[in-house]
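> Sharing a model prediction with you, sequence too.
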Amino acid sequence: MREFSNRRNPILPLEYHVPDSEGHVMPDGKLYVYGSFDDREDVYCSEKYHVVSTADMEHWMIHEESLNGNQIPWFNNPVAPKYSGIDWSHPTPFIQKMIQRDLENGVDMKAKFEEAEKEEKEKPALLFAPDCLERNGKYYLYFCMPDDSEGVAISDRPEGPFTNPIQLPCGGIDPAIFIDDDGQAYYYWGQLFSHGVKLNEDMTSFNRDEIVDDLVTEEEHFFHEGSSMRKIGDTYYYVYADMERGKPTSLGYSTSKSPMGPFTYRGIIIDNDGCDPASWNNHGSIECVNGQWYVFYHRCSRGVQQHRRLCIEKIEILEDGTIPEVKMTSQGIGEPFAPREVIKGYQACEMSGSVYIGVNEDAGSAEEYPEVLMNISVEDEVMFRYVKSEQEWKEISLKYRGSGKVKVKMNGTCAGEITLTDNKDVTNITNQEICMEAGEYELKLEIVEADKLEIIEIMLA
């Protein structure tokens with residue numbers, strides 16, 4: 001177990017990659033976050049889960065392993081029940097585009113996928129996105145695996161460990177659990193096609209004949225995957241990975257007056273496109289903690305789709321029930337960065353070009369600065385939101401390696417241009433003048449020149 005204090009994004013220590021975050025306030029009053037756990041280079045997720053909890057949205061506890069995929073008795077068991085996931089006989093518009101693109105490149109994606117499903121070799125026991133809720137003193141963790149199987153494991157504690165896994169009679173990914181005010185529990189899941197059903201009182205079974213398909217669709221609601229359900233007042237909010245902008249980097253939502261629809265598309269809550277050159281998917285949830293609503297989501301790093309990090313932003317639920325879209329920030333759920341407060345390079349919330357947040361390979365500084373902004377090229381841009389001062393901004397301090405020239409912009413206005421000289425030390429520090437009136441700003445660094453440039457940290461004053 002590890003304890004950690006932070007209100008900035010990303011929330012957790014850099015070695016803990018917890019994407020697909022479902023946040024729930026449990027009966028003990030604490031917030032618990034259930035997510036996958038990225039620790040492989042080749043695929044999303046891993047064989048384990050770690051639950052994260054907090055009592056105050058600042059002091060976080062990363063609990064010991066709560067479930068391991070190798071504990072699941074039906075996985076890689078040839079006699080276990082099999083349920084199909086994606087319905088290839090009815091490809092969505094997105095899948096049709098992907099199939100056509102690959103066919104033009106000489107690849108039959110559908111045939112390749114189906115052939116992989118038939119392969120006899122054992123698959124790694126990966127645990128994909130989970131969800132969890134409490135009922136009658138028991139905690140039910142719903143999970144899914146790469147063979148399209150879904151299941152539930154049970155614990156006496158919200159952080160687990162979860163044991164006695166039971167296979168559910170359905171196939172697909174990304175389960176979501178919701179208990180309505182009348183005590184009826186509902187189960188949602190699906191990729192490309194969404195499904196929902198009433199759970200039985202035991203929370204571990206349901207009648208397959210009662211499954212409702214296509215609660216939300218790609219065509220009408222931009223649904224891709226990552227179901228999550230909440231109720232606010234008398235309105236049900238179906239949150240999911242949203243395809244409206246061409247790839248599922250957004251969290252979108254649809255609403256209904258019934259947990260089983262029909263649902264009306266309402267818009268996007270947050271989009272992580274631009275968090276990394278490889279940004280591709282998003283998956284998260286919304287939750288009210290001590291009267292404040294938050295969106296839980298992830299951002300990828302290291303120039304790959306994996307190594308996704310837990311991030312959190314404050315959101316509003318307006319009187320008409322809509323949720324205004326919010327931007328990714330570096331400040332996270334804390335206040336804007338203050339003058340002379342260190343901003344780590346890896347806290348960049350948005351970037352363009354080739355730059356990404358990568359592992360610091362320098363032995364002399366890696367322990368103190370495990371990740372830095374690297375692979376920096378001319379015309380790259382890096383954004384930090386937000387900084388705030390009651391006094392005029394006069395100075396910027398950069399810790400870096402390599403050399404270059406950087407234009408400093410605050411809310412799009414140039415505050416100065418700084419030259420970074422390589423003194424051949426392990427790290428270089430420069431203090432140079434900028435000029436901007438007092439206020440709150442998004443800070444953008446535009447790269448004018450770069451030679452092996454890496455940015456470690458920034459400080460404004």
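Perfect, I can see it now. Numbering: from 1, shown residues only.
> Residue 421 - how many residues pack around it?
Residue 421: 12 surrounding residues under other CB atoms under 10 Å. All C-beta spots, glycine's among them, are computed from the backbone N, C-alpha and C.
> Look at the closest residue to residue 253 other than its chain neighbours and report its pLDDT.
By the measure of CB to CB, 6 or more residues apart in numbering, the closest residue to residue 253 outside its immediate chain neighbours is residue 239, 4.7 Å from it. We have a pLDDT of 98 for residue 239.
> need the longest strand for this protein.
For the chain, the strand with the greatest residue count under DSSP state E is strand 439-460.
> so what's residue 144 bridging to?
residue 150 (DSSP bridges).
> before we move on, back to that, which neighbouring elements make contact with the longest strand of the chain?
Contacts defined by 3 or more CB pairs under 8 Å, 6 or more residues apart in numbering; DSSP states H and E place strand 439-460 against strand 343-344, strand 371-374, strand 381-389, strand 393-410.
> Highest mean neighbour count out of those?
Among the helices and strands packed on strand 439-460, strand 371-374 has the highest mean neighbour count (mean count of other CB atoms under 10 Å), at a mean of 24.
> how far out from the middle of the chain is stretch 130-149?
Centroid separation for stretch 130-149 versus its chain: 19 Å, with CA atoms, centre = their mean, to the nearest Å.
> Buried residues, it. List them.
The neighbour-count check on stretch 130-149 (16 or more other CB atoms under 10 Å) flags 130-135, 139-149 as buried.
> ditto for stretch 30-45
Across stretch 30-45, burial judged by 16+ other CB under 10 Å covers 30-38, 44-45.
> go on, stretch 6-18?
Neighbour counts using 16+ other CB under 10 Å place 6-12, 14, 16-18 of stretch 6-18 among the buried residues.
> Just the CA trace of it, in CSV.
The C-alpha trace of stretch 6-18 is given here as CSV (Å, rounded to 0.1, in the frame of the first residue of the first chain):
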residue,chain,number,x,y,z
ASN,A,6,-1.5,15.5,-4.6
ARG,A,7,-4.2,17.6,-6.3
ARG,A,8,-2.4,18.1,-9.6
ASN,A,9,-2.8,16.1,-12.8
PRO,A,10,-1.8,13.3,-13.2
ILE,A,11,-3.1,12.4,-9.7
LEU,A,12,-1.0,9.3,-8.9
PRO,A,13,2.8,8.7,-8.7
LEU,A,14,4.2,8.2,-12.2
GLU,A,15,4.7,4.5,-11.9
TYR,A,16,1.0,3.9,-11.3
HIS,A,17,-1.0,3.9,-14.5
VAL,A,18,-4.7,3.6,-13.6
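> And the contacts of the longest helix along the chain?
Secondary structure of the chain per DSSP state H: the longest helix is helix 93-104. Applying CB atoms under 8 Å, 6 or more residues apart in numbering, the contact partners of helix 93-104 are 86, 91, 108-110, 192, 218-219, 224, 243.
> just to revisit the earlier point, nearest to residue 357, out of the buried residues of stretch 30-45: which one, please.
Proximity to residue 357 was ranked across these by CB to CB; first place goes to residue 38, at 13.9 Å.
> Am I right that that closest one sits in a helix?
No: assigned with DSSP: H, G, I helix; E, B strand; the rest coil, residue 38 falls outside any helix and is coil.
> returning to what we had before: can you give me the buried ones in the longest strand of the chain?
441-447, 450, 453-460.
> Just the buried residues of stretch 51-62, please?
For stretch 51-62, burial by neighbour count (16+ other CB under 10 Å) applies to 51-54, 57, 60-62.
> Show the contacting residues for residue 263.
By CB under 8 Å, 6+ apart, the contact set of residue 263 is 215-216, 221, 236, 238, 254-256.
> Determine which two of these are furthest apart.
So, the contacts of residue 263 by CB to CB: farthest apart are 221 and 236, at 13.3 Å.
> who's more crowded, the two?
Set residue 221 next to residue 236 and count neighbours by other CB under 10 Å: residue 221 wins out with 24 against 21.
> Residue 265 is in contact with that one, correct?
Yes: between residue 221 and residue 265 a contact is recorded at 4.6 Å, counting by CB atoms under 8 Å.
> so what sits against both of those two?
252, 254.
> Spell out, range by range, the helices that occur in the stretch 1-150 of the chain.
For the stretch 1-150 of the chain, helices defined by DSSP state H, counting those that start in this stretch occupy the ranges 93-104, 109-118.
> What residues of the longest one count as buried?
Right, the one you point to is helix 93-104. For helix 93-104, the neighbour count (16+ other CB under 10 Å) marks 94-95, 99 as buried.
> could the residues you listed go into JSON lines alongside pLDDT and distance to residue 396?
Putting those into JSON lines (pLDDT from 0 to 100; distance: CB to CB, whole Å) gives the following:
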{"residue": "94", "pLDDT": "83", "distance to residue 396": "43"}
{"residue": "95", "pLDDT": "80", "distance to residue 396": "47"}
{"residue": "99", "pLDDT": "80", "distance to residue 396": "49"}
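> Quick check, pLDDT for residue 88.
Residue 88 is given a pLDDT of 75.
> try the one 4 residues further on
Here the pLDDT value assigned to residue 92 is 86.
> surely it meets residue 192?
Yes: applying CB under 8 Å as the test, residue 92 and residue 192 come out as touching, 5.0 Å apart.
> Looks like residue 435 contacts residue 395 (just checking).
No: between residue 435 and residue 395 there is no contact under CB under 8 Å: 9.6 Å.
> so where's this protein shaky on pLDDT?
Along the chain, segments meeting pLDDT under 70 span 109-110, 112-120, 425-426.
> Just want the most central residue of it.
Geometric centre of the chain, nearest residue: residue 298, 1.8 Å, by CA atoms, centre = their mean.
> Give me the phi and psi angles of that residue.
Main-chain dihedrals, residue 298, degrees, to the nearest 10: phi -130, psi 160.
> and what of the one 5 residues further on?
Main-chain torsions, residue 303, degrees, to the nearest 10: phi 70, psi 20.
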